[in-house]
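Peer 1: give me a 3D structure for the following:
(2 chains)
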Amino acid sequence: MKKPANWNRKHLIGIEELDRTEIETVLDMARSFRGTLDRPVKKLPSLRGKTVVNLFMEPSTRTRLAFEVAAKRLSADVISVGGKSSSLSKGETLRDTASNVQALGADLIVLRHSSAGSPLYLSRVLDVPIINAGDGAHEHPSQALLDAFTLRERFGDLTGKKITILGDVLFSRVARSNLWALSKLGASVTFGGPATLVPKTFSEFGAEVTHDLKKALADADAVMLLRIQHERQTSTHFPSLEEYTSMFGLNEARASWLKPDAIIMHPGPINRGVEIDSSLADSSRSVILDQVTNGIAVRMAILYLCSAVSDLQRKEVPS
Amino acid sequence: MRGGIWIKNGRIIDPANGRDEVADLYIADGRICEAPAGKESEVANVVDASGKIVAPGFIDLRAHLRELGGGGRETIASGTRAAAAGGFTTVVCMPDVSPAADNPGTIRYLQDAIQKDACIDVLLTGSITLDRKGEQLAPIGSLKKSGVVAVTDCPFSTANNEIFRRSLEYAAMFDLPIFDLPRDPFLSSNAVVHEGAQALRLGLRGWPRAAEELFVYRAISLAMLTKAHVHLQSLSSAGSVEILQRAKERGVPVTADVTPHHLALTDSTIADYNTNFKTNPPLREESDRQALLAGLLDGTIDCIATAHEPYLEHEKDMEFDLAPFGVIGLETALSVSLESIVKSGAGSVSDMVAALTYRPASVLGLNKGTLSSGAIADIVIFDQQKEWIVTPENLESLSSNSPWLGENMTGRVTHVISAGQLIRDSSLA
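Peer 2: Take a look at the predicted model:
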């Protein structure tokens, strides 16, 4: 592999530390991979002979599958390990589990973990590239990149576009990564939802924060709904799902406040009838399934880029 | 005459007596005295303290020494060696041992260990409630009879207000102060850092200043109600200082301490999830740090206490939210206090020494922390300029979970005299 232009990272931990050029590098490369997904023969040889391990300590369907598919499209061997079936449930530490995975020959680890900061931590104690597939409420970089990809696919340049992210922002790594990614690409990001889930402090990072749904949705070019994580907030952050839906759920009437050509996004899994009306999720404005497909291309780009830098660094260090 | 020590040419700083001068200090029979015990040739130890500061031995009101059930993090032997290395000649040991210090038997066990292994004075605390669970009062009277100097459920706060109120009433009967680390468990549940922009950015759950301030208010209200002395530990919030100041103006019997790390650091240090900055209470913002420093210097906060909480490397080598709270502090307290109080220009060396000596002593009513003639000779000699690096090898503590691990520090203890015995002499090292 030759050194990718404008990309020097072996790990992908978060979007916050990336600059605009780096983000665009991933998105541009993802676009070329996106084209290959529609070919009859989809496999590329780029990661042939490499082993990618998906270390998923938290449940995931979409992200894990998308990383698996992406790695397979690049001809890597892929192994997925889950929390319940791994030794972590026997009290092994994350560091030990991951060290073993590395010792078993992993060339790259994709980590999903409930603790914020765990990918950064692993990147400091292991040699292989660490790709963050979601760490607690911190970041979910590949999701933000696929969201940005989907938005650019629709709108081209994002400068001046109003993107509204609605719902459980407080606990959302998707919201944080998207705030960094979209504002770096020139869009303005609005966070909306109940005060308990959308703290005003986010305005210190450049987000517009509002608890007024009409203000949040008015003239938005895209609305991204976040799943209400009712298993996480117990009973303290909002009274009930019914109350949430009646105050903040997206329905036809509220969707009419959006710009006419606005799109509806959701990182999944969706709670139909809670944060979004079922009909809207299936409507022509919804790009929810495009996001999923684009997620493969974006993750191919991430795997390719980080792996290339890792290979180069290994060559530079004579052993 | 038993030996005797003659400390020559040191800058003697004895804030309780308003003393700051270059002079000699004499020790005989374990006490400070007006004249040397004999001619220079007859005195067993002559210590040249030229260019150094001679001060009363430091006193720490919050150290977790881990002797019982501490899993090798620390022992009375290592903890008191660490204390001496940091210039402390008296430490107050927290009751979070296992089994808990909620009964005279555990206290007796610890006293035996102290008798056998301690190189400085260790004072014990008992727990307020059985097993520090906050549910049922421990036998506080019997604990007092066994020799504890205070009761506390540290590092937890006794959350139930009724139990806390009764413990105050009950302990006051024995003139026993209650130590409380103010933290509302509901407002801080599952939280690992200060609630602020930094926590939000990092995706870590924070606890607000209010979780501390509410419990500071509570302690003050109940101290007023019961006339009991409550000592608030390790304040972290600017609001707490303000609340405390008003209470003291009204004469409420409440005192407080602050850690060196809260005087020096803010939550900007957690940016890369380094668990050696995960403390209880959390490091907060610059405005809090400034208020704590000002509060210490104007006397609102009574003293510095280290909150020395040793954890082994593998225990801290963890995802941030899974790692335990706490950092060690005995051996860095001097350097850190010099930096944040003296070098910053906020206060004098004498102010710093006061916060480490007679002021903590007066919280407990101890006849310690001065260089008065006739006082027990607990003395520290330190070199303000001496540089050193915080490494596991340079620490006496069995643990090295310090926020300053790997950092260059300035200011180091050279000699320690505990009850008239020269127990530490860096010129011999």
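Peer 1: is any residue of stretch A:17-24 near chain B?
Peer 2: No: using CB under 8 Å from any CB of the partner chain, stretch A:17-24 stays clear of chain B, with a minimum separation of 10.9 Å. Quick note: C-beta positions are derived from backbone N, CA and C, even for glycine.
Peer 1: and the contacts of that stretch?
Peer 2: Stretch A:17-24 is contacted from outside by A:6-7, A:9, A:15, A:141, A:145, A:148, A:180-181, A:184-185, using CB atoms under 8 Å, 6 or more residues apart in numbering or on different chains.
Peer 1: off-centre distance for whichever strand or helix holds B:Arg424?
Peer 2: Assigned by DSSP states H and E, B:Arg424 belongs to strand B:421-425. When distances are taken as CA atoms, centre = their mean, to the nearest Å, strand B:421-425 is centred 21 Å away from the chain's centroid.
Peer 1: burial check on the closest residue to A:Leu120 other than its chain neighbours, number of neighbours?
Peer 2: Closest residue to A:Leu120 in three dimensions, ignoring its sequence neighbours and counting by CB to CB, 6 or more residues apart in numbering or on different chains: A:Ile13, at 5.2 Å. A:Ile13 has 23 neighbouring residues, counting by other CB atoms under 10 Å in any protein chain shown.
Peer 1: wait, A:Ile13 touches A:Arg124, no?
Peer 2: No: using CB atoms under 8 Å, A:Ile13 makes no contact with A:Arg124, being 10.3 Å away.
Peer 1: confirm that B:Arg218 sits in a helix.
Peer 2: Yes: counting by DSSP: H, G, I helix; E, B strand; the rest coil, B:Arg218 falls inside a helix.
Peer 1: from chain A, how far off is it?
Peer 2: Per CB to the nearest CB, to the nearest Å, B:Arg218 is found 21 Å from chain A.
Peer 1: listing partners with orientation, what would you give for the strand holding B:Arg424?
Peer 2: On the basis of DSSP bridges, the sheet neighbours of strand B:421-425 come out as strand B:408-418 (antiparallel).
Peer 1: give me phi/psi at the residue nearest to A:Leu120?
Peer 2: phi -100, psi -50 (degrees, to the nearest 10).
Peer 1: cool, and A:Ala297?
Peer 2: The phi/psi pair for A:Ala297 (degrees, to the nearest 10) is phi -60, psi -40.
Peer 1: mind listing what it touches?
Peer 2: Applying CB under 8 Å, 6+ apart, the residues contacting A:Ala297 are A:30-31, A:33-34, A:37, A:70, A:146, A:149.
Peer 1: neighbour-wise, which of the residues you listed leads?
Peer 2: A:Leu146 (31 neighbours).
Peer 1: quick check: that one touching A:Asp290?
Peer 2: No: counting by CB under 8 Å, A:Leu146 does not reach A:Asp290; the two are 9.4 Å apart.
Peer 1: and the stretch 251-400 of chain B, which residues reach chain A?
Peer 2: Applying CB under 8 Å from any CB, we find that the stretch 251-400 of chain B lies next to chain A at B:272-273, B:314, B:317-322.
Peer 1: hmm, back to that, now the buried members of the contacts of stretch A:17-24.
Peer 2: A:7, A:9, A:15, A:141, A:145, A:148, A:180-181, A:184-185 (16 or more other CB atoms under 10 Å in any protein chain shown).
Peer 1: identify the farthest-apart pair in those.
Peer 2: A:Arg9 and A:Leu185 (18.0 Å; CB to CB).
Peer 1: so who does the nearest residue to B:Phe88 once chain neighbours are set aside touch?
Peer 2: Counting by CB to CB, 6+ apart, B:Phe58 is the residue found nearest to B:Phe88 once chain neighbours are left out, at 4.3 Å. Under the criterion of CB under 8 Å, 6+ apart, the contact list for B:Phe58 reads B:86-90, B:333-334, B:356-357, B:380.
Peer 1: torsion angles phi and psi at B:Phe58?
Peer 2: According to degrees, to the nearest 10, B:Phe58 has phi -70, psi 160.
Peer 1: same question for A:Arg31.
Peer 2: phi -60, psi -40.
Peer 1: so it sits against A:Phe149, correct?
Peer 2: Yes: because the distance of 7.5 Å satisfies CB under 8 Å, A:Arg31 is recorded as touching A:Phe149.
Peer 1: show the pLDDT at residue 266.
Peer 2: Answering for chain A, as no chain was given. Note on A:His266: pLDDT of 97.
Peer 1: hmm, I had chain B in mind actually
Peer 2: Reported pLDDT for B:Thr266: 98.
Peer 1: understood, closing this out.
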